[in-house]
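Colleague: Predicted model and sequence follow; I will ask about them next.
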Amino acid sequence: MPHTLPKKARLKKQKAIEALFARGRRLVVPPLRVQYLLQRKEDAAAAHVQVAVSVPKKVFKKAVHRNRIKRLMREAWRLQKGPLEQSLQQKELHLQVFIIYTSPELPTFDGVYEKMTAVLQKLQTTLPA
């Protein structure tokens, strides 16, 4: 079941998101800005990777456009997250990721998929050996 995005793999708790932005690190792969926090895994029931996506209301006024971009980002993440999850599982680490879309243009799925590939590769390189 590597190509799923279950509820426990979604970052939703306000406290966790605040901690992510307070203590996390940032990387940029235009048009995606990524905030991430890597830590030792304490809770065995929690997912190894938790992700949240966001599209600013200032840039995209229409909810239908924001929702479409978020759907594209989640789908691109879901299809490619397998190798990163396996690495985290082997090293017993927990990664929280918050992805923000920053471009004013509506993206295509291929464009988002390509950028998400770059994001996942960069995240993979940040893992300790």
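Modeller: Yep, that arrived. Predicted, not measured: the structure shown is a model, and the values here were computed from it.
Colleague: for this protein, what spans make up the helices?
Modeller: All helices of the chain, identified by DSSP state H, fall at 14-23, 63-80, 82-91, 109-126.
Colleague: Determine which of these approaches Leu32 most closely.
Modeller: The closest of those to Leu32 is helix 109-126. By CB to CB, the value is 5.3 Å. For the C-beta atoms, the positions are set from N, CA and C on the backbone; glycine is no exception.
Colleague: Report the angle between the helix-or-strand element of the chain with minimal mean pLDDT and helix 109-126.
Modeller: Lowest on mean pLDDT, DSSP states H and E among the helices and strands of the chain sits helix 82-91, with a mean of 92. On the basis of axes from the mean of the first three to the mean of the last three CA atoms, to 10 degrees, helix 82-91 is oriented at 20 degrees to helix 109-126.
Colleague: What residues of helix 82-91 count as buried?
Modeller: For helix 82-91, burial by neighbour count (16 or more other CB atoms under 10 Å) applies to 84, 87-88.
Colleague: ok, now stretch 88-102?
Modeller: 88, 93-101.
Colleague: how about it as CSV, C-alpha atoms only?
Modeller: Extracted as CSV, the C-alpha positions of stretch 88-102 are listed here (Å, rounded to 0.1, in the frame of the first residue of the first chain):
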residue,chain,number,x,y,z
LEU,A,88,12.7,7.3,7.4
GLN,A,89,11.4,3.9,8.5
GLN,A,90,14.9,2.4,8.4
LYS,A,91,16.4,5.2,10.4
GLU,A,92,13.4,5.5,12.8
LEU,A,93,12.9,9.2,12.0
HIS,A,94,9.7,11.3,11.7
LEU,A,95,9.4,14.0,9.1
GLN,A,96,6.8,16.8,9.1
VAL,A,97,6.4,18.7,5.8
PHE,A,98,4.4,21.8,5.0
ILE,A,99,4.3,22.7,1.2
ILE,A,100,3.2,26.1,0.0
TYR,A,101,2.5,26.9,-3.7
THR,A,102,3.8,30.4,-4.5
